[in-house]
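K.L.:
got a predicted structure here, sequence first:
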Amino acid sequence: MLSLFSFSQMDLDTGGLDIPYADKIVHFTFYLVFAFVGSLSLRERTSGSLGLRKTLIIVLIFAILYGMLIEVLQYTLTTDRMAEFADVLANTLGAFAGIGLIRWFFSKKNPLKWKF
């Protein structure tokens, strides 16, 4: 819901800090966390019975489709929010990074166990 909310009418004090592409960094970070936590959540929900590869594919597809849906909704339902391809790209790259972190955590020399 917050992805469709307009912050333009609010007076948000940024403290004069101007970070180039800050919104893309936020998109990337949110989707990295989304994919990471989503993978762990799906693992817990299925009691580890769903394989790592299958879980990562499901979460990755869901994250990418969700990011695209939000951008389409911003374009169609809001008047002051913009849908940007760069946002979809940042979302997708963040989701891949989150999946990469999960793969890294579960494939080290002494990996965490996927199954319980």
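P.N.:
Sure, I can see it.
K.L.:
what's the burial count for the nearest residue to residue 51 once chain neighbours are set aside?
P.N.:
The shortest distance from residue 51 to any non-neighbouring residue, by C-beta to C-beta, 6 or more residues apart in numbering, is to residue 114 (7.4 Å). From N, CA and C alone the C-beta is placed, and that goes for glycine too. Residues contacting residue 114 under the criterion other C-beta atoms under 10 Å number 17.
K.L.:
numbering from 27 from now on, please.
P.N.:
Okay, residue one is now 27; in that scheme the one you just asked about reads as residue 140.
K.L.:
just checking, residue 61 touches residue 121?
P.N.:
Yes: here residue 61 lies in contact with residue 121, judged by C-beta atoms under 8 Å, at a distance of 4.4 Å.
K.L.:
mind listing the shared neighbours of the two?
P.N.:
Shared contacts of residue 61 and residue 121 (C-beta atoms under 8 Å, 6 or more residues apart in numbering): 85-86, 89.
K.L.:
inside strands: which ones of the residues you listed?
P.N.:
Within those, no residue falls in strands by DSSP state E.
K.L.:
of the residues you listed, closest to residue 126?
P.N.:
Nearest to residue 126 among those, counting by C-beta to C-beta, is residue 86 at 10.3 Å.
K.L.:
which residues touch that closest one?
P.N.:
Residues counted as contacts of residue 86 (C-beta under 8 Å, 6+ apart) are 61, 121-122, 125.
K.L.:
about what we covered before: gap between the residue nearest to residue 77 and residue 86?
P.N.:
From residue 140 across to residue 86, the span is 16 Å (C-beta to C-beta, to the nearest Å).
K.L.:
cool, residue 54 as well?
P.N.:
Residue 54 sits 15 Å away from residue 86, going by C-beta to C-beta.
K.L.:
quick one: residues contacting residue 113.
P.N.:
Neighbouring residues of residue 113 by C-beta under 8 Å, 6+ apart: 49-50, 53, 93, 97.
K.L.:
ok, and the most crowded of these?
P.N.:
That'd be residue 53 among the contacts of residue 113, by other C-beta under 10 Å, with 25 neighbours.
K.L.:
can you list the buried residues in the host helix or strand of that residue?
P.N.:
According to DSSP states H and E, residue 53 maps onto helix 48-71. Neighbour-count burial for helix 48-71 flags 50, 53-54, 56-58, 60-62, 64-65, 68-69 (criterion: 16 or more other C-beta atoms under 10 Å).
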